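Student: one predicted model, sequence on top.
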Amino acid sequence: MQELRSTDILDKEIQSDARKKAEKILRKADSDCENLLASVDENIQKAKAEKESFYANKLADFEKDQKAFFPLEKKRFEVSFVNDQILKNIDAYIGKLSVEKKLGLVCKNYDFKSDKKVNAFVYGFDIGDAKKFLESKLGKKLLSCRQTQFGKIIIEDDCGLKTPEGIILEAEDKSFRVSLTMSEILSHILDENREELFDTLFGGHL
């Protein structure tokens, strides 16, 4: 009988001890969970703050770039607009000239007194008009006069001209090739008289 009581007491002690250990484990588990949750929350808040700082800096950089971009873009637009208007007006003026004046304009820098015999390649102009003009200047030194296309004989920039026009003279022995084009005349006019043209068109300001 005494043994049964002893066994019962021992069981109770074991159960009590087990319960205490279980409670201790649970308390530790609860504490670990709280620490884990606190750590996760801290990491989330830290990541959130980092992201907010990152995007705030990105936004600040974007706004800074935009402030720098718009004045530059405005300036580019103004330059492009002015250039387009100057080209448009020069092109319109050239378009009103007679064929003879146009031919005289493109050929004004060529030395027709040269003894070299040449072949002529013409584009933009009527071949008959060009041949007649060149014969009056070169006589028998003009070996041939043929129609060609813009950019076929030499690489050129049309400089915004609506109808590119030009004459290319090539020596019989191919020792030289001279480009006499309206685009070259236009480039020269722009280089030498851009400011004057700007003042004439816009009164010196936009």
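Tutor: Okay, I see it. Numbering: from 1, shown residues only.
Student: residues touching Gln147, list them.
Tutor: Applying CB atoms under 8 Å, 6 or more residues apart in numbering, one finds that Gln147 lies in contact with Phe121, Val122, Tyr123, Ile127. From N, CA and C alone the C-beta is placed, and that goes for glycine too.
Student: from the rest of the structure, what touches stretch 100-117?
Tutor: Stretch 100-117 is contacted from outside by 94, 97, 125, 129-130, 133, 137-138, 140-143, 165-167, 169, 171-172, 175-176, 178, 180-182, 184-185, using CB under 8 Å, 6+ apart.
Student: hang on, the earlier thing: which ones among the contacts of Gln147 lie within helices?
Tutor: Judged by DSSP state H, the subset of these located in helices is Ile127.
Student: can you put the contacts of Gln147 in a markdown table and add pLDDT and distance to Asp84?
Tutor: As requested, the contacts of Gln147 are exported to a markdown table (pLDDT from 0 to 100; distance: CB to CB, whole Å):
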| residue | pLDDT | distance to Asp84 |
| --- | --- | --- |
| Phe121 | 94 | 30 |
| Val122 | 92 | 28 |
| Tyr123 | 90 | 24 |
| Ile127 | 94 | 31 |
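Student: buried ones among the contacts of Gln147?
Tutor: Using 16 or more other CB atoms under 10 Å as the burial test, these include Phe121, Val122, Tyr123 as buried.
Student: and the nearest residue to the second one once chain neighbours are set aside, which of the three is it?
Tutor: Right, the one you point to is Val122. Excluding its sequence neighbours, the residue lying closest to Val122 (CB to CB, 6 or more residues apart in numbering) is Ala130, at 4.3 Å. Under DSSP: H, G, I helix; E, B strand; the rest coil, Ala130 falls in the helix class.
Student: what's near enough to touch Ala130?
Tutor: Counting by CB under 8 Å, 6+ apart, Ala130 makes contact with Leu103, Ala120, Val122, Cys145, Ile167.
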